[in-house]
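[1] Below is the structure, and that's it, no one-letter string:
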């Protein structure tokens, strides 16, 4: 498992890719190791998932328990380790327009390439959970204007997300998305799309005007489709925000059951890296050699 050298990161790369084919596929990550593995697998973009951070860092559901500090810390670690484009889930912006401005500045300085803001009340909850409530449309428009004004670089994308489809219906979601588009966002995210008719209405309104992102959640409200099918429908970006956590949780449950039963990891060795393989991937020897260059100078 040899670590490949990443290409130099270009701040404008993601903005350009969203207006081209093929569709951008962004796996969800929650730490630097996962991001580096995605980079090695050939992905150029990842999604720093608030849900995945809550699942892994807190061991809790996605119900608004995270802070902006925890998201920025994860973003900074990913940026130090990789040259990927990173789309960051900033939840509601953690308050009013002033909080949004601070959140955008902090994430941008931590290395975010795109920042997603949603129109739920605070504390929010996962878009595929019931019981969501929304802030007024005008309040969200103001928050998006604040985000756009706060960014230091126009290449840092601002994504307007609405959760209205599952609360007020498709027409309301499109009306809100139109207002966010008119506010100047770089991409729209209409969460919880349920039917082909929803997609047709959304694309009739926005296709060719602004990039639209799709969210694939295993077992969620939106029927799963592959990237090629989503591209044909008109989507520019698809995220798989919690898939890695679900895969790891499934694997880890089997690992712990095996260790508890056997008192050893032997039966799981063919599904693990050994000590040397992991250190080879991490580049441990090269880092030690680099450090030695500065000893006793």
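    Received it, and whenever you're ready, just let me know what you need. The structure displayed is predicted, hence computed values, not measured ones.

[2] Okay, now the unreliable bits of the stretch 151-297 of the chain?
    Flagging of the stretch 151-297 of the chain using pLDDT under 70 yields an empty set of residue ranges.

[3] would you list every one of the helices in it?
    Taking DSSP state H, counting those that start in this stretch as the criterion, the stretch 151-297 of the chain contains helices spanning 165-168, 170-183, 196-206, 227-233, 243-262, 275-282, 284-292.

[4] can you put the ones you listed in CSV and add mean neighbour count and distance to residue 19?
    To be clear about C-beta, it is placed using only N, CA and C from the backbone, and glycine gets the same treatment. Written out in CSV, the entries for the helices of the stretch 151-297 of the chain read as follows (neighbours: other C-beta atoms under 10 Å; distance: least, C-beta to C-beta, whole Å):
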stretch, mean neighbour count, distance to residue 19
helix 165-168, 19, 25
helix 170-183, 19, 15
helix 196-206, 16, 14
helix 227-233, 15, 13
helix 243-262, 13, 26
helix 275-282, 13, 34
helix 284-292, 10, 38
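
[5] need the contact list for the residue nearest to residue 170 when sequence neighbours are not counted.
    Residue nearest to residue 170 in three dimensions, not counting chain neighbours: residue 198, with 5.2 Å by C-beta to C-beta, 6 or more residues apart in numbering. By C-beta atoms under 8 Å, 6 or more residues apart in numbering, the contact list for residue 198 reads 165, 170, 190.

[6] now residue 151
    Taking C-beta under 8 Å, 6+ apart as the definition of contact, the neighbours of residue 151 are 104, 105, 108, 115, 158.

[7] Identify the farthest-apart pair in those residues.
    Largest separation among these by C-beta to C-beta: 105 and 158, giving 12.4 Å.

[8] picking that back up, reformat the contacts of residue 151 as JSON lines; add distance to residue 217.
    Shown next, in JSON lines, are the contacts of residue 151 (distance: C-beta to C-beta, whole Å):
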{"residue": "104", "distance to residue 217": "25"}
{"residue": "105", "distance to residue 217": "30"}
{"residue": "108", "distance to residue 217": "27"}
{"residue": "115", "distance to residue 217": "20"}
{"residue": "158", "distance to residue 217": "23"}
